[in-house]
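S.K.: Here's a sequence, model it:
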Amino acid sequence: MKPLPLPRLDWTQGQARNRDHDDPYFSRADGLAESRHVFLDGNALDTRLAAAPRFCIGELGFGTGLNFLLSWQAWAARAPAGAVLDYIAVEAAPLSRAQLRRALAPWPELTPLREGLCAALPPRHAGFHSVEPAPGLRLLLLYGDVGACLPQCRARVDAWFLDGFAPARNPAMWSPAVLAQVARLSAPGASLATYSAAGHVRRALQAAGFAMEKRPGFGRKRHMLVGRRDATPCAPSPAPWFDYPAGGDGPVAILGDGIVGACLARQLAEDGQAVQVFGADDGASARIPGFLVRPYPEATDSPASRLYALAFARACRFYARHVPAAFSRLRLGGQEGDLPAASLRPAAAVTALLEHPLIRRQRSGPCQIEADGSDWILRDEQGQLRYRGPRLLLCGARPPAGLPGTWPLRPCAGQVALTADAIEPAFAGKVHGFTVAGRGQIGSSYRPGEEAADIRPAESRQLLQQAGLAVEPADAAAGPRTVSPDHLPLLGPVPDLPRWARDYAGLNHGERHRAFGPGACLPGLWLNLGHGSRGATLAPLAALQLASALQGRPLPLPADLAAIAHPGRYAIRALKRGRDPLAD
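M.R.: Numbering: from 1, shown residues only. Model (predicted):
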């Protein structure tokens with residue numbers, strides 16, 4: 001993935017001006033005072049942040065990050081203990097760290113926060129990037145065109161900063177379609193503020209469902225606009241069956257204590273949620289080394305390649321922060337040049353991730369689930385009750401007994417070859433080799449339909465040959481995996497398939513654009529299954545997605561990428577082809 005183009009800046013009088021839009025990033029008189037007057041005071045943030053355990057701010061035009069830093073400053077000073085702040089910002093041309101530092105240099109009081117932001121900034125690649133500059137603070141940066149990014153966002157925003165360049169110089173940021181998306185993403189009673197008082201902006205916001213009023217502007221500007229969301233209904237979702245339901249309340253349990261379940265448990269615990277983890281190692285996490293490789297250069301810009309590119313970036317940040325002793329960054333060379341890669345010792349990572357005061361790990365062996373009213377029940381092989389509660393997250397290799405519905409997952413065993421000594425980095429199709437802790441690791445093989453995790457010397461030799469390495473294997477590691485037909489995980493809520501068959505029957509009769517309702521799901525039951533050989537790569541991003549859904553926070557995955565992993569995707573495909581989803 002190539003970085004987005006840098007904005008062309010003019011530094012006349014020491015302040016940043018965007019040459020592409022011929023507009024400054026903030027007032028030349030006093031940008032900091034302008035931001036406080038227009039955006040913080042215009043949304044009454046001092047009062048609202050002091051009273052809100054959870055708050056979400058949305059911004060059109062991240063720019064220099066000044067509004068974000070002032071919001072962070074106000075939240076840190078006024079929010080109650082344990083509060084969380086989500087900040088979503090769209091930016092088509094993100095500044096480099098050097099540009100950002102120079103633009104914010106006039107305000108030394110912001111230096112500590114500025115450096116915290118710079119340390120957390122993701123690569124300047126198009127897409128959604130979720131980072132955490134401080135505990136309780138999550139920044140979701142949407143890099144790209146605003147008209148493309150906002151429809152992919154799933155959030156409930158409490159306050160908006162409409163801070164794009166002037167409408168006359170950047171009309172796309174202020175179009176009725178974009179402002180309708182602002183309304184769609186707004187929580188009931190959400191507020192907005194903008195320095196612009198243009199009549200067409202005010203009328204577009206009113207048409208989108210905001211009650212608008214003029215207020216005195218900053219400095220020489222006579223007026224600015226503030227608004228509040230009224231009850232005007234928003235346009236329906238184009239694919240409502242893939243929208244997530246509310247996350248619910250109450251205790252949380254995870255079935256599956258491999259790397260997928262451990263990442264989810266740790267994410268929930270870091271977010272302040274107590275969680276119980278049940279399971280007994282299925283062998284994969286303990287035996288197979290974890291390879292993390294960003295999508296190969298020849299990979300197309302498909303949804304799957306974009307998903308794994310985001311997952312790789314998230315995994316590297318997550319493991320480096322939480323399990324540094326079990327994580328190593330590597331370089332993989334080949335004909336296409338160097339590729340970012342990493343290695344994880346999953347067994348050590350699982351142990352470290354589950355060491356948290358809010359996580360209670362219980363060995364249980366295989367469990368069966370059953371529903372009892374609004375609760376989900378876990379019973380072990382002896383029929384003993386292990387958990388009863390409203391929220392259950394199923395993680396790991398395979399569905400447990402009792403899971404409602406039929407899920408198209410199949411076993412796929414695999415093997416990694418190990419050498420006695422270090423090797424040169426190797427890359428050959430889907431086979432890659434690294435040196436980790438002084439030994440070569442080359443993987444991996446695939447045995448579709450097989451569950452046996454036996455070691456096969458001939459398979460190790462074949463892996464070495466495929467990687468172009470003229471050495472003998474010294475050892476090997478093998479383990480079971482589970483894959484779906486499209487090799488993507490089942491990530492999200494569990495559809496109520498009988499209701500889907502009834503509610504979406506019209507999909508086979510040219511009614512795809514009818515205003516269908518949201519997909520009915522089994523309350524409190526979520527899947528995080530079928531990661532195949534890429535569990536270590538996707539687990540941290542999958543954990544963030546589900547934890548955010550459970551807590552009602554903005555989802556880090558764009559809607560199109562969440563859809564390709566949604567557990568209901570096979571049912572929708574069947575319905576569109578006129579087949580019974582209960583029979584597939």
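
S.K.: looking at this structure, which helix or strand is least sure?
M.R.: Lowest on mean pLDDT, DSSP states H and E among the helices and strands of the chain sits helix 284-287, with a mean of 55.

S.K.: Kindly provide the distance from Val350 to Asp503.
M.R.: Computed as C-beta to C-beta, to the nearest Å, the Val350 to Asp503 distance reads 39 Å. All C-beta atoms are positioned from the backbone trio N, CA, C, and that covers glycine.

S.K.: now do Val182
M.R.: Separation of Val182 from Asp503 (C-beta to C-beta): 29 Å.

S.K.: now Ala563
M.R.: Taking C-beta to C-beta, one finds Ala563 at 17 Å from Asp503.

S.K.: Going along the chain, name the helices of the stretch 1-150 of the chain.
M.R.: 31-35, 45-51, 66-78, 97-104, 111-120, 146-149 (DSSP state H, counting those that start in this stretch).

S.K.: closest to Ser445 out of these?
M.R.: Closest approach to Ser445 among the helices of the stretch 1-150 of the chain (C-beta to C-beta): helix 111-120, 38.0 Å.

S.K.: Can you list the low-confidence ranges for the stretch 451-584 of the chain?
M.R.: Counting by pLDDT under 70, the stretch 451-584 of the chain has low-confidence residues at 510-514, 584.

S.K.: can you check the chain too?
M.R.: 1, 232-233, 281-288, 295-300, 331-339, 429, 510-514, 584.

S.K.: list the buried ones in stretch 480-492?
M.R.: Neighbour counts over stretch 480-492 (16 or more other C-beta atoms under 10 Å) mark Pro480, Arg481, Thr482, Val483, Ser484, Leu488, Pro489, Leu490, Leu491, Gly492 as buried.

S.K.: residues touching the fifth one, list them.
M.R.: By that I understand Ser484. Taking C-beta atoms under 8 Å, 6 or more residues apart in numbering as the contact definition, Ser484 lies against Pro408, Leu409, Leu490, Gly530, Gly532.

S.K.: mind checking the SS state of the closest residue to the first one other than its chain neighbours?
M.R.: Beyond its immediate neighbours in the sequence, the residue positioned closest to Pro408 (C-beta to C-beta, 6 or more residues apart in numbering) is Pro485, lying 5.4 Å away. Here Pro485 is coil, with the state taken from DSSP: H, G, I helix; E, B strand; the rest coil.

S.K.: how near is Pro485 to Ala265?
M.R.: 28 Å.

S.K.: Same check on Ala313?
M.R.: 21 Å.

S.K.: and the residue lying closest to Phe242 once chain neighbours are set aside, backbone torsions?
M.R.: Spatial nearest neighbour of Phe242, chain neighbours left out: Ala563 (4.4 Å); criterion: C-beta to C-beta, 6+ apart. Backbone torsions of Ala563, given as degrees, to the nearest 10, read phi -70, psi -40.

S.K.: residue contacts, Asp243?
M.R.: Going by C-beta under 8 Å, 6+ apart, the list of residues near Asp243 reads Arg154, Ser237, Pro518, Gly519.

S.K.: got it, and Ala52?
M.R.: Contacts of Ala52 were listed using C-beta under 8 Å, 6+ apart, and they are Ala79, Pro80, Ala83, Asp158.

S.K.: ok, the residues you listed vs Leu378, which is closest?
M.R.: Ala83 (32.4 Å).

S.K.: Which one of Val350 and Asp503 is surrounded by more residues?
M.R.: Val350 (27 against 18; other C-beta atoms under 10 Å).

S.K.: which SS class is that one?
M.R.: Following three-state DSSP, we place Val350 in the helix state.

S.K.: Give me the distance between the residue nearest to it when sequence neighbours are not counted and Phe165.
M.R.: Residue nearest to Val350 in three dimensions, not counting chain neighbours: Ala262, with 4.4 Å by C-beta to C-beta, 6+ apart. To Phe165, Ala262 is 44 Å away according to C-beta to C-beta.

S.K.: When these two are compared, which one has more neighbours?
M.R.: The neighbour comparison of Ala262 against Phe165 (other C-beta under 10 Å) goes to Ala262, with 31 against 19.

S.K.: Give me the contacts around the helix or strand encompassing that one.
M.R.: Assigned by DSSP states H and E, Ala262 belongs to helix 259-270. Around helix 259-270, the neighbours that count as contacts under C-beta under 8 Å, 6+ apart are 252, 254-255, 275, 277, 279, 285, 290, 318, 322, 344, 346, 349-350, 353-354, 356-359, 393, 395-396, 528, 531, 535-536, 539-540, 542-544, 546-547, 550.

S.K.: 6 Å instead, please
M.R.: 254, 275, 277, 285, 346, 350, 353-354, 356, 358-359, 395-396, 528, 531, 535-536, 539-540, 543-544, 547 (C-beta atoms under 6 Å, 6 or more residues apart in numbering).

S.K.: what's the spacing between stretch 558-571 and its chain's center?
M.R.: 13 Å (C-alpha atoms, centre = their mean, to the nearest Å).

S.K.: in that stretch, what counts as buried?
M.R.: 558-559, 561-571.

S.K.: And stretch 240-253, by the same measure?
M.R.: For stretch 240-253, by 16+ other C-beta under 10 Å, it's Trp241, Phe242, Asp243, Tyr244, Pro245, Gly247, Gly248, Val252, Ala253.
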